[in-house]
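Asks: Got a sequence here, can you model it:
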Amino acid sequence: MVTKSYASYRGCNIEVDVTPARWHAFGGICRRYRVSWLISSPGNPDQVLASFPERFDFLTEQEAFRYGEGRAHTFIDSILSTPSRRRIAGNSSEHADEAPTV
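Replies: Model prediction:
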């Protein structure tokens, strides 16, 4: 397994792991690559915020790394675009920790 750490993206650390895998084809055994990625807190790298193994196989190690980094960026963007619970609760300090009611 090869691991690559990326520069902080929107305050989160990204790490992508690529693992070689064998894939059986008509012409014999081919090499493919599997990718998983994780996002950790910048203040505490041991606190994993998200970790996902992807279900796709890639032809090259570079493609797998690019895909993993892109998926991590997309995940971070989607989390940061979600309105905070505090804003939904009307910025009331007494209701800031409660889940919003619909």
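
Asks: would you list every one of the helices in the chain?
Replies: Counting by DSSP state H, the chain has helices at residues 61-81, 85-88.

Asks: how about those helices in TSV, adding mean neighbour count?
Replies: The C-beta positions use only the backbone N, C-alpha and C, and glycine is treated the same way. As requested, the helices of the chain are exported to TSV (neighbours: other Cβ atoms under 10 Å):
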stretch	mean neighbour count
helix 61-81	16
helix 85-88	13
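
Asks: Out of these, which gets the lowest mean score?
Replies: Among the helices of the chain, helix 85-88 carries the lowest mean pLDDT, a mean of 42.

Asks: Run a quick neighbour tally on the residue nearest to residue 60 when sequence neighbours are not counted.
Replies: Using Cβ to Cβ, 6 or more residues apart in numbering and skipping residues adjacent in sequence, the residue nearest residue 60 is residue 33, 6.8 Å away. The number of residues packed near residue 33 is 21, by other Cβ atoms under 10 Å.

Asks: most centrally placed residue in this protein?
Replies: residue 72 (3.4 Å; Cα atoms, centre = their mean).

Asks: any idea how far residue 47 is from residue 41?
Replies: Separation of residue 47 from residue 41 (Cβ to Cβ, to the nearest Å) stands at 4 Å.

Asks: residue ranges with poor pLDDT in the chain?
Replies: 84-102 (pLDDT under 70).

Asks: on that earlier part again, please say which of residue 47 and residue 41 ends up with more neighbours.
Replies: Taking neighbours as other Cβ under 10 Å, residue 47 and residue 41 compare with residue 41 leading, 13 against 10.
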